[in-house]
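**Q** Sequence first, predicted model second:
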Amino acid sequence: AAAALRDRRGDARLAPLVDARQLPLDVSTALQAAGTDFAVPESAEEAARAFCAHPTPRFIALALLMLGAARVAAGGSVGVGELLALGVSAPVWWAQEWVLHDVLLHSRCEWFGERTHRWHHELPYYHACIDPAPLAVGWFGALLGAVLGVGVGVLGVLPLRGALAFCAGYTAWGLAYELCHYLAHTRVPLRGHLATVRTHHMRHHVHNDEYWLAFTLPAIDALAGTRPRTPADVPRKASPGSVGAPRRRRSSAENDGPR
């Protein structure tokens, strides 16, 4: 099934692969039997139930509650430093989204994360996708260990309440990312910023995976030079970039630059 899927996606003569119904029935059936869920929600209510039932959002929400409880236990009123730390968590998350997506997940060196992400691209666009709970546990566990365990506990260079505020903000952005990414790959009608995110992300999947790399804040691509003025400004790639293949150099004529 995987080989047939890659053959279908690699045929540039065909329309972009967005729906499992574009695949031969035996291929889509085999992919579903292997665990791919093509039955994406079509309403906000369906999406809310499915998202809240998944262990990853539950874990991230629990981590937020634990950080809140730790802040209450720390005592004292909310200070300016905490608000600044909370605010800093947003640009940190937006920047690392782009960097990790571009450098690691679309790496030209094969590794587990690159293979997993490439498979995500090879599937039809509409499929249910939430990061597995072990990944979330490891990622946010490493964050808390570095900021609170090392920065506050071992080195003593970070104030506890500011560190808690940063970790809470970062974790909240992680939950927002999971929700936005999940919705972007469903058929739920979206409006406003969420609709913009879906359009931006779909272009990354179905047109050219070297562009439109940002997610929760698509404008980051304008700063990074990876947001073409229109999809027609860059060639469509029928399949995700292969390991070891050189990336096409981006020119200022192909993107709209900072806004």
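**A** The structure has been received and is ready for your questions.

**Q** rest of the way, CA atoms for contacts and neighbours
**A** OK.

**Q** Surely Gly81 and Leu160 touch.
**A** No - using C-alpha atoms under 8 Å, Gly81 is not in contact with Leu160; the gap is 10.7 Å.

**Q** For those two, work out which one has more neighbours and name it.
**A** Set Gly81 next to Leu160 and count neighbours by other C-alpha atoms under 10 Å: Leu160 wins out with 19 against 14.

**Q** List the contacts of the more buried one.
**A** By C-alpha atoms under 8 Å, 6 or more residues apart in numbering, the contact list for Leu160 reads 74, 148, 152.

**Q** give me every residue that touches the last one.
**A** Counting by C-alpha under 8 Å, 6+ apart, Val152 makes contact with 158-160, 163.

**Q** And the pLDDT for Ser251?
**A** pLDDT, Ser251: 46.

**Q** can you check the one 4 residues further on too?
**A** Confidence at Asn255, expressed as pLDDT, is 52.

**Q** Could you do Leu25 as well?
**A** 91.

**Q** continuing past the helix-or-strand element of the chain with minimal mean pLDDT, what's the next helix or strand?
**A** Every helix and strand in the chain was compared by mean pLDDT, DSSP states H and E; the lowest is helix 2-9, with a mean of 71. Per DSSP states H and E, the first helix or strand lying C-terminal to helix 2-9 is helix 25-33.

**Q** Would you mind putting the CA coordinates of the helix or strand just after that next one into CSV?
**A** Sequence-wise, the next helix or strand downstream of helix 25-33 (DSSP H and E) is helix 44-53. Written as CSV, here are the backbone C-alpha positions of helix 44-53 (Å, rounded to 0.1, in the frame of the first residue of the first chain):
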residue,chain,number,x,y,z
ALA,A,44,-16.9,21.4,15.3
GLU,A,45,-18.8,19.1,17.8
GLU,A,46,-17.3,15.9,16.2
ALA,A,47,-13.8,17.5,16.2
ALA,A,48,-14.1,18.6,19.9
ARG,A,49,-15.1,15.1,21.0
ALA,A,50,-12.3,13.4,19.1
PHE,A,51,-9.7,15.9,20.1
CYS,A,52,-10.6,15.8,23.8
ALA,A,53,-10.6,12.0,23.8
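
**Q** chain center to helix 44-53: distance?
**A** 18 Å (C-alpha atoms, centre = their mean, to the nearest Å).

**Q** from here on, count from 40
**A** Understood, numbering begins at 40; the last thing we discussed is helix 83-92.

**Q** Quick one: end-to-end distance for stretch 171-190.
**A** In stretch 171-190, first residue to last residue: 27 Å (C-alpha to C-alpha, to the nearest Å).

**Q** Same question for it: list its buried residues.
**A** Neighbour-count burial for stretch 171-190, with 16 or more other C-alpha atoms under 10 Å as criterion, is recorded at 172, 175, 179, 183, 186-187, 190.

**Q** from the middle of its chain, how far away would that stretch be?
**A** So, by C-alpha atoms, centre = their mean, the centroid of stretch 171-190 is 17 Å from its chain's centroid.

**Q** Contacts for it next, please.
**A** Outside stretch 171-190, the residues touching it (C-alpha under 8 Å, 6+ apart) are 94-95, 98-99, 195-197, 199, 202-203, 206, 210.

**Q** Could you write me a PyMOL select line covering just the buried ones among those?
**A** Burial among the contacts of stretch 171-190 is assessed by 16+ other C-alpha under 10 Å; the matching PyMOL selection reads:
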select buried, resi 94+95+98+99+197+199+202+203+206+210
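
**Q** This completes my enquiry, with thanks.
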